[in-house]
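> What follows is a predicted protein model with its sequence.
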Amino acid sequence: MAFFDFFSPEKKESLDKGLEKTKDSFFSKLGKAVAGKSKVDDEILDDLEEVLITSDVGVETTIKIIRRIEERVARDLYLNASELDRILKEEIAALLAENNTEDLKDFIIPKTDTPYVIMVVGVNGVGKTTTIGKLASQFQKRGKKVVLGAADTFRAAAVDQLKMWGERVGVPVISHGMNTDPASVAFDAVKKGVEMNADVVIIDTAGRLHTKVNLMNELSKIKRVMQKFIEAAPHDVMLVLDGSTGQNAFIQAQEFTKATDVTSLAITKLDGTAKGGVVIGISDQFKIPVKYIGVGEKVDDLQIFNKFEFVDSLFKK
């Protein structure tokens with residue numbers, strides 16, 4: 001059974017297409033590294049290390065991958081350079097398999113006695129509000145009642161954008177407008193979710209990272225007021241990262257995981273960049289489940305992340 005049997009052909013094609021820029025860039029660099037070489041030697045491994053780092057896989061994850069291939073070279077004594085892409089694919093897949101983070105099979109909500117509350121965090125411009133809108137659409141398609149909370153009250157555009165998504169998808173959006181108390185919005189959104197027996201409440205939050213202390217205080221306040229209605233809220237703190245920013249996405253992940261208890265990740269805008277290798281590094285380094293990836297503009301281009309499916313598309317010839 002293939003790792004991606006539960007993916008439809010359309011989803012697989014969308015993922016393949018979304019990762020084209022990353023794949024083309026990666027194989028172009030890899031081809032130059034092995035040009036004229038017959039076996040995998042120290043020189044090729046040095047070049048491979050550079051290829052992985054410049055593909056935004058990250059230094060620590062790159063070192064792990066190189067060590068695995070070095071062990072394989074030592075064990076097999078002779079590895080043909082033409083096989084390097086296959087070997088690399090196998091070792092990256094094996095590395096990610098060790099993360100002990102289970103991939104989702106669909107846009108599912110864990111069973112709870114109350115609405116399942118997702119608090120979405122991330123800096124401005126990463127596609128946070130769009131991701132919320134697409135998630136709402138996917139959940140509603142599966143028969144779930146959804147409520148959205150426009151708690152990013154420091155940007156009028158964020159409030160208006162979430163309202164537009166609510167109208168488009170047909171789900172209620174709780175909003176107090178711009179420059180209002182984000183915690184109050186979150187409170188009313190959760191209250192509405194309880195009153196209408198919703199399955200999921202998704203709270204948008206301000207994308208500011210000017211100081212970790214202020215961010216932590218604001219997010220903590222939002223959590224406290226939600227817990228007046230639902231003690232376990234938020235059930236999921238989802239950090240949205242822009243994959244096209246490469247190493248900046250690592251830095252944002254580091255800062256947000258220090259400021260709050262991030263429990264899942266969504267990585268967006270992978271279709272417009274050659275920096276898709278960042279997904280491998282983030283998945284490996286943070287050990288936080290990457291739940292969703294964005295590989296295009298359409299609603300269905302927000303996809304469930306599957307480690308093996310991702311690697312398969314990245315290495316597909």
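Sure, I can see it. Numbering: from 1, shown residues only.

> Can you mark which positions in stretch 293-303 are buried?
293-296, 299, 301-303 (16 or more other Cβ atoms under 10 Å). Every residue, glycine included, has its C-beta placed from N, CA and C.

> Can you name the two of those residues that sit furthest apart?
293 and 299 (14.0 Å; Cβ to Cβ).

> so what's in contact with the two at the same time?
Counting by Cβ atoms under 8 Å, 6 or more residues apart in numbering, no residue touches both residue 293 and residue 299.

> Mean confidence (pLDDT) on the host helix or strand of residue 192, please.
According to DSSP states H and E, residue 192 maps onto helix 182-195. Averaged across helix 182-195, the pLDDT comes to 96.

> by contact count, what packs against the very next helix or strand once past that helix?
Where DSSP H and E defines the elements, the next helix or strand beyond helix 182-195 is strand 200-205. Here strand 200-205 touches strand 116-121, helix 128-141, strand 146-151, helix 182-195, helix 212-226, going by 3 or more Cβ pairs under 8 Å, 6 or more residues apart in numbering; DSSP states H and E.

> Ok, which of those comes nearest residue 309?
When the helices and strands packed on strand 200-205 are compared by Cβ to Cβ, helix 128-141 sits nearest residue 309, at 17.1 Å.

> sorry, back to before: for the helices and strands packed on strand 200-205, give me TSV that also has distance to residue 169.
Formatted as TSV, those follow (distance: least, Cβ to Cβ, whole Å):
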stretch	distance to residue 169
strand 116-121	15
helix 128-141	5
strand 146-151	8
helix 182-195	15
helix 212-226	22
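
> Need the winner for burial among those.
Using mean count of other Cβ atoms under 10 Å, the stretch among the helices and strands packed on strand 200-205 with the greatest mean number of neighbours is strand 146-151 (a mean of 29).

> all helices in this structure, in order from the N-terminus.
Counting by DSSP state H, one finds helices in the chain at the ranges 9-18, 20-34, 42-54, 59-76, 84-97, 128-141, 156-169, 182-195, 212-226, 247-259, 278-286, 307-315.

> For residue 171, find the nearest of the helices and strands packed on strand 200-205.
strand 146-151 (4.4 Å).

> contact partners of the closest one?
With Cβ under 8 Å, 6+ apart as the test, strand 146-151 has contacts from 115, 132, 136, 139-140, 158-159, 162-163, 165-166, 169, 171-176, 182-183, 185-186, 188-190, 192-193, 196, 198-206, 222.

> In its sheet, which strands sit next to that strand, and in what direction?
Paired neighbours of strand 146-151 in the sheet (DSSP bridges): strand 173-174 (parallel), strand 200-205 (parallel).

> could you check the angle strand 200-205 makes with the helix or strand bottoming out on mean pLDDT in the chain?
The weakest-scoring helix or strand in the chain, judged by mean pLDDT, DSSP states H and E, is helix 212-226 (a mean of 84). Between the axes of helix 212-226 and strand 200-205, defined by axes from the mean of the first three to the mean of the last three Cα atoms, to 10 degrees, the angle is 150 degrees.
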